[in-house]
Every structure is written in C-alpha cells, then in structure tokens.
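Asks: Any chance you can model this:
(4 chains)
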Amino acid sequence: MSGLEVELLDNELDADLRATVRSFLSERCDPTQVVKAYDGDSSLTPVLWKGLAAELGLAGLLVPESYGGAGASAREAAVVLEELGRSVAPVPFLTSAVVATSVLLAAPTEKGVELLGGLAAGERTAALVVPLTATTAQPLEPGETTVRSVAGALEADTLLVPVATPAGVEVRAVSADQATITPVSSLDMTRQLADVRLDPAAGEVVVAADHGADGVRSGLLAGAALMASEQVGVAQWCLTTTVDYLKVRRQFGRIVGGYQALKHRLADLYTSVEGAGAAARYAAGALALGDPEETEIATHVAAAYCGDLAVTAAEEAVQLHGGIGMTWEHPAHLYLKRAKADQIAYGLPGLHRDRLGALVDI
Amino acid sequence: MSGLEVELLDNELDADLRATVRSFLSERCDPTQVVKAYDGDSSLTPVLWKGLAAELGLAGLLVPESYGGAGASAREAAVVLEELGRSVAPVPFLTSAVVATSVLLAAPTEKGVELLGGLAAGERTAALVVPLTATTAQPLEPGETTVRSVAGALEADTLLVPVATPAGVEVRAVSADQATITPVSSLDMTRQLADVRLDPAAGEVVVAADHGADGVRSGLLAGAALMASEQVGVAQWCLTTTVDYLKVRRQFGRIVGGYQALKHRLADLYTSVEGAGAAARYAAGALALGDPEETEIATHVAAAYCGDLAVTAAEEAVQLHGGIGMTWEHPAHLYLKRAKADQIAYGLPGLHRDRLGALVDI
Amino acid sequence: MTPEEIRGRVEEFLAEHPVATTEPNAFLHARYQAGLAWVAFPEGEGGLGVSRALQPLVNDLFEAAGAPDNNPRRNGIGLGMAAPTILAYGTPEQRSRFLEPLWCGEEIWCQLFSEPGAGSDLAGLATRAVLDGDEWVVNGQKVWTSGAHNADFAILVARTDPDVPKHRGLTYFLCDMHDPGVEVRPLRQITGEAEFNEVFLTDVRIPDAHRLGAVGQGWEVANATLNNERVAIGGAAMPREGGLLGVVAESWRTHPENHTPELRDRLLRLWVESEVARLTGARLRQKLAVGQPGPEGSAMKLTFASINQRLTGLDLELRGEEGLRYEDGDGWAMVRPEHVDFAGRDAVYRYLRAKGNSIEGGTSEILRNIVAERVLGLPGEHRVDKDVAWKEIPR
Amino acid sequence: MTPEEIRGRVEEFLAEHPVATTEPNAFLHARYQAGLAWVAFPEGEGGLGVSRALQPLVNDLFEAAGAPDNNPRRNGIGLGMAAPTILAYGTPEQRSRFLEPLWCGEEIWCQLFSEPGAGSDLAGLATRAVLDGDEWVVNGQKVWTSGAHNADFAILVARTDPDVPKHRGLTYFLCDMHDPGVEVRPLRQITGEAEFNEVFLTDVRIPDAHRLGAVGQGWEVANATLNNERVAIGGAAMPREGGLLGVVAESWRTHPENHTPELRDRLLRLWVESEVARLTGARLRQKLAVGQPGPEGSAMKLTFASINQRLTGLDLELRGEEGLRYEDGDGWAMVRPEHVDFAGRDAVYRYLRAKGNSIEGGTSEILRNIVAERVLGLPGEHRVDKDVAWKEIPR
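Replies: All right, here's what the predicted structure looks like:
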C-alpha cells in the first residue's frame, strides 16, 4: 500500500497545454463576462466551449485515438481543469468531456462509440442525468420522470440516462430535444443546474446493462477525481489574488499584508493549497495509470481534501479582501459560489472519507 | 426548551468561598510540590485533603444538613473545583466529594447514610470503582475481580462497588483494606489511577438494587458536570500565565505578546475560556436546581465544550511559552497532563455530543 | 419620575390625543412636544430628562393603545446614531431644527463614514471639506451606506485639515442628501441584492451652521456616534436554539435522507457552541447589570460571526442537491431590501450574507486586536500614522 | 568519477583492509585517508572531491561488506553540522586537526547556539567572549543542547562585540567540552526524560586558533551550519501510512471496542492530511531534483508538526482507559536517552514529545513568517533591533 510513482509536476507538454488554455481563457473569459450568467445572460458559454472543445480540441482528451479522440489522459484533463477553475469558466468540460465521456468509455455499444466520436470532435456535448450530488448510478424506471439538479444538461445536446432493466442498469442516450430541461436558479451559475424531464425509453442504448452501473460509477468517480484539479485552480486564484491585493492595500499607513495575523493565515493557506495541488495531481495520475484500487483511494483523498480546501480559500479571500470582497463587482464571489457548489458535488468530503475508510481498514 | 435562569457570576458567598480556597492553595499547593507526584512522592495529597475536607469543611458541600453535610450545592462545588483546577491540586475532591457522594445521595441505605456523614465530616474518603472513563454503571459479578484505571482509589478508605444482582445493580461499600490497590503510572499523576482487585461480596450495601444503576449514572453525570469547572480553572491558569509571560518575554527586541498572530490566538482563547466559564457554571446551576433533563443537556454541553477547551488552552500554553513550556521545571506540563486526562475522563467530548443529540432531537 | 407617574403622563396624553381621531403625523408631533418621544432627552427636545429605563414602558403603553409609530426600522440610523450625537454636540439651533422631524420620521437619515480606502482605518478617510465663505464644499466617495436612497440627511465625517495627524483633521457635518452634488448608487453584494449604497459627493455645499462640533473635533464626535451603535451589543436575551442554530437544526430534522454521523457531529458541535455563546451572552448581561459595558462585547461579536458562517455553510451541505439551488424570491435579481432578515430567507442567501458578519461593524481581525489589547492588555500594533500629517501617510 | 570507478576504489580498499582482520578504529582512519569517508570533501580531508550523489553507493558498499561504522547516530551534530562548517570556514590547521577524529567517531560534537533568552531570536544571544591575550574567555548559558554530556567539542556562537548591531557582533568558536569551565546539566522535559542539556560556561578559555571564521563573522558561519541542518527537510520518501499515522491507525485497529463515528472521522481526516503531506513531500523532492531547495520545506515542517500533534492526541482518546496510563519503560523516571524514537514508545510519551515538533528547529510561528515572507513575498515584521547596538536592544 505504498502508492504509485506519479509525476506530480508539469512536464513540458503539460506546461504547453496549460499556457495554451490560460492564454485562451485570459482573452475570452473575463470575470465581467462570466458574472453575467447570474443575471440570465449565458451567451459566453457556447462561445467558450466551441473554442475549447473544437478549436483547441480539448473535448477528446480522454477519448482514445481509436474512437477519434486525442488519446491523452486524465493528467492532461487535470491541467485543463486547473485552468478552468482558475477562471471559473462556465463550460461543460467536466460534465461532458470527463463524466459523460468516462461513462461511455466503460463499455460503449456501437452507438456509444459513435457518440464518443462526436464528443471527441467537439461536435456533440453530453450530460449524465443524475443530480450533481450523486456518487452512484440512480437508475430511472422507464416512463416519464424528472431528475432534479442536473449539471451540464443546459449545454448538452445528448442526455445519458441510467435506466433500470431486469439485466442491470443500462445507459441510454436521449436527444435533448426530446426532454424538457428547466433551468434552475443555482448557487453556482457558472455551472447552472437544470431539472430534466424525459422518458428514457426515447433513447438508444450506449452502454449495455452488464456494464452500465459500473460505467456510471466510474464516470462519477472520474468526475470527483478531476474536479479536485478544478478546486485547486479555484484555490490558487483565491490565494494569489488575495496575496496580491494585500501587498498593495494599506490601512493605518501600513501594507495590510504585513500584519502578522494575516501573514500566518496566508502561510497556512499556501501550505494547504500546495497539498491540494499534489493530491489532485496524484489522483489524476492514478486515473491515468488505470489502477482501479489506487484510483479510488487517491480520488477519495483528493476529493475530501480539495473540496474543503477550495471553500476555505474562497472564504478567506472574501474575508481578507474586507468589504470589497462582499461586492458583486469583485470576482471573489464567483469563486466562493463555485467552491461551495463543488464541495457538495459528486459526494461531500465526509462521504469520501467514509468510503476511503472502507478501503484502508479504518 | 429555553433553559433555566441561573446566576452565572460569583455572588458574594461564592466570592468568599473562592478567596478562602485560593488562599489555602496558594499557601500549601505550590507547583514545585505538586510535580513531586510524578517522581513517586505523593505526600502532599493527604495534607492538602485534610485541610480542604476537614478544616475548610468542603467535603460535605453536596451533603444535606440532615446527613451531616454543609447543605450547599453544586454551585459551590463548582467554585471549589475551578480553584482546584487552577492549582492542579492533587486531592480526591471530585472523586469522593462529588462522584462517590452523588452516588450515595441517590438513595442511601442506613449504612449509606452513615458513610455520607463520615464523608461530609472529612473523616472518610470514598471512590467509585469504575474506570475513570466510565459514564454508566459497569456492575461487577460477585467474586474476585479487577477493575482497571480507577481514580481516587489510592486516597480512599472506602470503595463503592456497583454489583450485578438479579434485582438490579446495587452499590456496596468495601473497605480499602480488603482490596488490593495497585498504583498505575498515570498520564496525570495529580489524579493517579489504580487497578483495584476486590471481592464485592466483602462490602455492605449502601445503595439498594432498585436505585444503584441510576445512582451510579447520576454520580458519573455529576462528575462530568463539575469536572467542567475544574477544566475551566485549568484553562484560566493556562491563559493567564501565558498572557503574563508574553507581556515580559522579548524576542527581536519586541515584547512577544505584541506580535499580532499571537494576539489573535490569545483573543480567540480568551473568548473560548469565557464561554467555558459560562457553560460550566450553568451546568452546576442546573445540577443545583435539580432539574434532571436540563442537567443532562447542560452537562453534555459543558463537558463537550470544556473538555476540548482545556486541552487547547494547555497546548497553547506549552507552545506559546516556547522551549520553556517543554521543560519539567515549568508547571505548564502539569496542566497539559490534567487537561488531557480530564478530556478522556467521564466520557469523551464526542460521546457527550452524541448523548446531547439524543436529547435535543439532532 | 416613577413608573406610575410616567404612566399617568402617557394616559393623560392619550386622553387629550385620542388615537382613533388624531391624524398620525400630528399625533407624533404632539407626543414629541409632550416629552414622551425619548424620555431621557431634555425637556423641549422630545424628552422629560428622566431615566432611560422608563423608555420601554412608555413605548409599551403607546403600542398597547394602538398609537401610530415613527417607523423606527426605516430610520434606524437617525434614531440610534444621529439623534444622540446631535443632542450631545449640537447647538440649540441644530437641536431644534433636526430632532423633531427626525423623531417623527419626516426626515430619514443615513451615515456617510466609511470609504473605499478607509474601512477598518476610518480615521484615514479622504473625503475633503473646504471652507468657502460660510459654506463647506465637500468632495469624496463614501460606501457601505444603508438607506442612502431613502435618506433626507446624512451624518458625514470629512477631512478639513490634511496637514495635521489624521485624527485631528476631521470635522463632522449634517449633510442634506437632496443637494445636487450627492449621487447615490446601489452597491450590489454577493447575494445579488443591493443592501447598501455608494455615495459620490461632488462639490456638495454644506452651510457652516450644519457643522456638528468644532472644526477638527470630528473624530471625537464620530466616536460618540459609533459608541451609540455599539451599546446594542450583548443586548437581547436569546432562547435556546434561537438565531441561525434553530434554522439549521430544522433543516437537519427535515432532511433525514441526508443524515450522516459526520454531519451530525458537526451540527452538534455548533449546537454546543451556540448554546455556550447564548450562556456567555446571558453572563455578560448579568455583568452589565452591575457595571459598565466593556470590550467583552467584541468577543461576543467574533463568536457569533464564526458560528453563523459555519452554520450556514453546513446547512448547504446537509440539504443535498437542494443546497445547490437559490430559489429565494427573485433568485439573483438585483433588489434593494429595506432590512436584513436571515431566518426568513433561502439557505444560499444566508450562507452568502453571513460572510459579511465578520466584516461589518468591525472586522473580526480588528475585534481580535481589541480583545487582545483592551481585555488582555497586550501591546498595541506598531503605528506609523499617528504623529505625522495625514497627507504624509503612505496610501 | 563514475559509479563504476568509485565501486572499484571501494573494492580495492576492502581488499587492502579486510574487514574481518582490520582493527575497527584503524579501518576507519584508513577509510578516511583513502578519501572514502565523505567523498564530496576534498582529497586529503576524507574525500575525493567527487559528486555528493556517489555517497550513498559508497556507504552501501561498506555496509554490505560488514565494515565497522563511525556510529553516525551518536555524532549527528558533528557529521551533519560541524564538519561541513569546518570544511567551509576552517583554516587548513583546523581542518586537519578536527575532521578526521570527528569522522572516525573519536571526538563527539554538540552545538552551543540557543540560549534561554535567545530562542527564535538566535542572533540576540548574550553569551560573551572576550579576548585575553591569544585566548577568548567565554561566559554564558546555553540550552537545548543534545548530547552535551557525551561531547568532546562544541560548535559555539558567542558575542564578541556588544556595541554593534546584533548580527555583526557574533563570532563562531570550536569549544573544548572538557574545559573546567564547562558544566553540563540535564534538562528534563515534560516527558520526564532529559533528552537535552543546559550548558553553563564560566570563564571557559578557547584559543584564538579555535575561532572559526573572522571575528564578527559568526552569524554568517552559524547560518551555514543551520542550512546544513535544513537540507535534510523533505528528504526521505515515506510509504503510505508511514510515520505516526501508521502507529495511530494500528491503535484504531486494535481497539475496536472504542470505535465511534466521530473518532473514525477524525482519524480519517488525519489519514487524508497525512497522505496529502506525503504526496506534497514527494512533489517537493521532484522539484528539488530539478532545482534548488527553497523555503517550501518550512511549510512541510509546519504540516508535520500539526499532524503529529493531532494524531498523538487522538491516539490517547481512542485508547480508552489505556490512554490514561504511562507504562512505557520506567514511566516518568528521569533518563537520558541517546536519541528520539517516536514509534517505539508509549502513546503518552508520543503525545507529550510531539509538542516539541512545533518548537524545535524553528517554531511554527517563525516558519509561518518565513513562508509568508519568502514564499508569498509579504512584508517582513517591524524590526526595532536591526540598526542599533546589541547592548541597546530592550530585553
């Protein structure tokens, strides 16, 4: 039980990828645009997503070349997610290119392979129809039914639906046109939820009943594993922005960042953010190496740690900015809302600890 | 469920009692004497206990006048315990005058009343034979048996033993002469534990079987309720001593207590110590008023809060004293050991929270 | 004056001014002139110069009689902060001009103290007032002003002398919010609402007659105002499970499907802390009953901010997917609420709004300094701004 | 030099000095003279002037051959701190006099740096050294000296000029611990043991020839020593559940009777934090492999101190009544252990000893300052002691 050897720093390819994504986002994903989603203007999302998925070709990172993908790995997806987190980018990368894609990759039918090709090309976008809080398949019975608080559905053209059958859980792909997708006013409008009403019978089987439950589970586990990198990106932005602000803000004639109580809190936060970065990268590495038990352990560790840490970082950012951090105008709240929603998504930290305990005999 | 009206500050009588006990302890209970218990010299204990129990008449605080006691209440016992905590005094007040006495008071037999008189007069000292961690009667079967980690047994002449009988748990008083009491090298040598080997059949019934289980339980609850005041005393000493030290200690030419990170930690500690004081006094007040449900709630609140707080205060004291706090010569370690042992005694904080939850529908 | 005597006064007044038949505004003016407005104020200024302790009785009697009130919630800053300051530092003319319409609710007040660059460091404020004839010309920007869009007047602190150390160069004014140089902009918060405003002052002209206190005495006057704000702390008794604890405990009880031992233990920790804070408040009130309010109130505020923030965060977690939805009223729409109401709002609103609890009315960092210095007697912070001219302070 | 070449050297040496038949002390001297002691040192001074990276291989080869060792655990300060400093700052005479017996374990070293009044503020130390002819006369008190009772020599920092700012008035000496003016007293700790000593220096005479570096250069030399101490941080890879986590996890598994969900969640939190720290260390080592050690090591030390303290505290709680017993060896008896061994000791010992983790080798408070200033670039603390003569600093 001594863990895998994983490269925990960016290698040259990672650094290139990061620079590409960062430059793209710094040009096109300004906080003043992002915040508009809270006032009902989501027009940024399709533009960004088209650029990332099709132009930069990031939607197919996890898809093998034989299915038309980039044949990269979870490591590269983690780099992308760090950058997306750092910009609270409102794109369905996690829900479509990670979760839905991982569900399909478990054991795609012919239709599933076709869909994977479309996803990898950035021509199609999919969402798994479970509440964002889910950690296991919650299969639907055939017939009209509503699933609440689904992430990624608003951006998707294809909905992946786990369906209960006598042979097990199969996953069906339902066209978004055939569903009623009602937007929900969400804590995090940069990953807005929707209530989805549909009849799963309308869809085609993309993962057969003998692999569906495992497929959904591994998709959600990949979601948790890689969301940790998004959380690292959120936390890094919060730390960096706060430190930068406190280096210039003065009160009582002194640089606020020179007050020792704040220095110590920021030192502790730095320490935790560094830890989160290592844990998230390790989880991505384990996923990339495909060791199932190690992936579970690493995912629970990263999810438990990064979920709380990103919230702490965002809360500290708001507090240490003083009044300005409480304003709509300052972007800190975008990160607070993303961090808090992420903490609740794909299993609370306490649930990840509980599952971890079962694996490590605690 | 809005709680009782309880006087949470010292009234004049409380203040007099406190001054008397403090003056007694400051004369006779010097840390340089107390620490000798760790090297096997417990000669301070009988001297102190005789003074407190008989001269000052504190052993009978909880015993009604009709049984020969002072007819005071848990409020006064709480004041005494705060002072005993502040001096880490190595006396069996909590084990004999609170726990054993409360067990007997549940429903003493004729022999029990006789014993209460002796306890109140400071002529006898009793200990309940359960591990210090117990929160419920752990009745013994008749026959030679050993109970580990009993507090107060080394100082007691009379051992109260919960015994399983077909009619319920009865409490028997066994003379210490008839037991084998083996001292244990203890975390807290100012409340040294012992392993007690005895045959309960050797004793006389002091609480009959129809009240024994409740009696033991209420004795242990009273122990937890009033130990909270001892913990407050420990925490107050730690806070005060640390603040005083940091007002004179200099490093880098500056008073160490002027470094903001330490100021903020001490402000938080002060806030918690104040809270602990209010909670402990309220628990004592509820006990004094004799409202059983409110006593349970108040005890669990006080025990859960003060148990952890005293440890935090002692740990902060050691840390903020720097190297000197790690030395045998400085008394901080006496408080650290007492605080840690108290946290584990009469139920861990987590257990008290669990029981509280059952009472308040959480 | 005894309670019986004042009760007699009120009954007499009510007999002379029957609630049912008196026009409400006239009723309020009559009450003011009878000295039954704020009874501790001097005669002729809304009071009778009697003990402040009689005020609740008077209020109760009027309320029981169904008398019109002066809409105190709408004019909290006027009644709680402006009025006592005007009484203490105002000229007879100022007292006579401002107190009656203030109390009657005809003139609503707001407070122009904080600035973007002067939050914790209020005395460092930069809004300038320059004397021009017998008027002051004021330029600057104020922030965190609640009720500015409804206000007729403001209490304002501005810098009149940048060449002396910062505490000595301030002056206190009563500012007409209808002056054309006053621009009020809603300040939207992270909840989506605009509970506060920014106020931009451009060549606002204030007659010297509306200066409160001497030129350069502004810091002293402002502190009198702020002390009136702080008297409230440690105020009302709270029932067990009062405040946000009760709200979150109810969330727990109504979401059994999300229960886990870990969430339960965290909630119980906060239950314990809330109960301890409640008892600490009760003890503080017992202490105040026999003495003076001290800086211990700062510790209470610290505690409540921390508990509120952790409770509201936990609430979102234990609600499962519901915790991800913000379905309160109009969701994120920008509205201008008249007052803050935690308990009646959505869990997401509570989580976000509670973040302000450790900033508004003194940040938790400043409060920890206060506790450390004034309660524990630890040394003050190193000051570089005390003995130099304000204009020389780096900013 | 290639690994193969150095392997050849060792094999050649072993052929010439058969382990079985060579007297151990003679063997060590021969190894030193062959440059196979610390291979990165210059030729003639125990080394071959080759890469430090070859040292583990050399050590492994000697160990595999069953060669006698120089008892490195007993002379950690000599080997790890004194030797590199003497090499860097020593005269040829000093290097020739001290390095060989040090490496061979014939002369044991200790460190006389910290004082009761100079802990975090080491440069504020007060031990005085006054030149008298060609000897320095030293008076003062040192503390936290491990191994002083076994030591033959000490590295010592003393104040030679109180009239200049504190960092400039220090000088570094090599002090003979057998001087009649040296008194070593065990310093008992809260564990009951005396792992350290106090050392009282009364008119100790040190020849000027045993001064290391120039007069007034002591702070620079001392920092070189301390940097050698810190190189170790982030050093060895740790297996999962290594360190104290493994010990406490084992306590959990062997005490099922005390399991509660709350204790389990706390242990799992620490499991997660320990694993995160392990991975952070691994990442730091990957970083070091491509660059220089930075102040990030301070963050690792902070983390481990905090985790160790919480783990050992939890351990006592989850052991039930066992956690209240200190039955390790002789219980509280005052002994003088040769080294610290956490895992092999009683849970009470671990709890108490771990308290020192946030004090020794830089308190957690100082380390947070280092991280804030050197990693995050935040301003330094206000200094009142930098530009004044040491004797003028308030103390």
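
Asks: from here on, contacts and neighbour counts on C-alpha atoms
Replies: Noted.

Asks: Which stretches in the stretch 151-300 of chain C count as strands?
Replies: C:153-159, C:170-176, C:182-187, C:196-207, C:211-212 (DSSP state E, counting those that start in this stretch).

Asks: Any chance of TSV for those strands, columns mean pLDDT?
Replies: Rendered in TSV, the data for the strands of the stretch 151-300 of chain C read as follows (pLDDT from 0 to 100):
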stretch	mean pLDDT
strand C:153-159	98
strand C:170-176	98
strand C:182-187	97
strand C:196-207	98
strand C:211-212	98
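
Asks: can you give me the end-to-end distance of stretch C:333-344?
Replies: Between the opening and closing residues of stretch C:333-344 lies a distance of 17 Å (CA to CA, to the nearest Å).

Asks: which residues of the chain score low on pLDDT?
Replies: If you meant another chain, say so; for now it's chain A. Counting by pLDDT under 70, the ranges of chain A that qualify are A:1-2.

Asks: let's do chain C instead
Replies: In the prediction, chain C carries residues with pLDDT under 70 at positions C:229-236, C:290-293.

Asks: of all the residues in chain C, which ones are close to chain B?
Replies: Within reach of chain B by CA under 8 Å from any CA of the partner chain, chain C has these residues: C:239-240, C:249, C:252-253, C:264-265, C:267-269, C:272-273, C:275-277, C:279-280, C:282-283, C:286-287, C:299-300, C:303, C:365, C:368-369, C:371-372, C:376, C:378-381.

Asks: From those, list the buried ones, please.
Replies: The neighbour-count criterion (16 or more other CA atoms under 10 Å in any protein chain shown) marks C:240, C:249, C:252, C:264-265, C:267-269, C:272-273, C:275-277, C:279-280, C:282-283, C:299-300, C:303, C:365, C:368-369, C:371-372, C:376, C:378-380 among these as buried.

Asks: Serialize the strands of the stretch 151-300 of chain C to TSV and add fields for distance to chain A and mean neighbour count.
Replies: Supplementary listing: the strands of the stretch 151-300 of chain C in TSV, determined by distance: least, CA to the nearest CA, whole Å; neighbours: other CA atoms under 10 Å in any protein chain shown:
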stretch	distance to chain A	mean neighbour count
strand C:153-159	16	25
strand C:170-176	15	26
strand C:182-187	7	20
strand C:196-207	10	21
strand C:211-212	25	24
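
Asks: how about these, which one is nearest D:G181?
Replies: Shortest distance between D:G181 and the strands of the stretch 151-300 of chain C, using CA to CA, is found for strand C:170-176: 64.8 Å.

Asks: Name every strand pairing with that closest one and say which way it goes.
Replies: Strands adjacent to strand C:170-176 in the sheet, as given by DSSP bridges, are strand C:153-159 (antiparallel), strand C:211-212 (antiparallel).

Asks: Not counting its own residues, what contacts the first one?
Replies: The one in question is strand C:153-159. C:82, C:107-113, C:125-129, C:138, C:169-178, C:218, C:222 (CA atoms under 8 Å, 6 or more residues apart in numbering or on different chains).

Asks: and with 7 Å instead?
Replies: C:82, C:108-113, C:126-129, C:169-177, C:218 (CA atoms under 7 Å, 6 or more residues apart in numbering or on different chains).

Asks: hang on, the earlier thing: in helices only, show me the residues of chain C next to chain B.
Replies: Counting by DSSP state H, the part of the residues of chain C next to chain B found in helices is C:249, C:252-253, C:264-265, C:267-269, C:272-273, C:275-277, C:279-280, C:282-283, C:286-287, C:299-300, C:303, C:365, C:368-369.

Asks: Keep only those that also lie close to chain D.
Replies: The overlap between those and the neighbours of chain D (CA under 7 Å from any CA of the partner chain) comes to C:D265.

Asks: how near is C:F200 to C:A148?
Replies: In this structure, C:F200 lies at 11 Å from C:A148, with CA to CA as the measure.

Asks: which residues do these two both contact?
Replies: A shared contact of C:F200 and C:A148, defined by CA under 7 Å, 6+ apart, is any residue touching both; here these are C:V184.

Asks: For the chain, which segments count as helices?
Replies: In the absence of a named chain, chain A is used. Assignment of helices within chain A using DSSP H yields the ranges A:12-28, A:31-34, A:44-49, A:74-86, A:101-106, A:110-120, A:212-248, A:260-289, A:292-320, A:332-344, A:349-360.

Asks: Please refer instead to chain C.
Replies: Taking DSSP H to define them, one finds helices in chain C at C:3-16, C:24-33, C:55-64, C:76-77, C:83-89, C:92-103, C:218-230, C:243-254, C:261-289, C:296-318, C:347-354, C:364-370.

Asks: can you tell me which of those comes nearest to B:G40?
Replies: Evaluated with CA to CA, these place helix C:261-289 nearest to B:G40, the distance being 39.2 Å.
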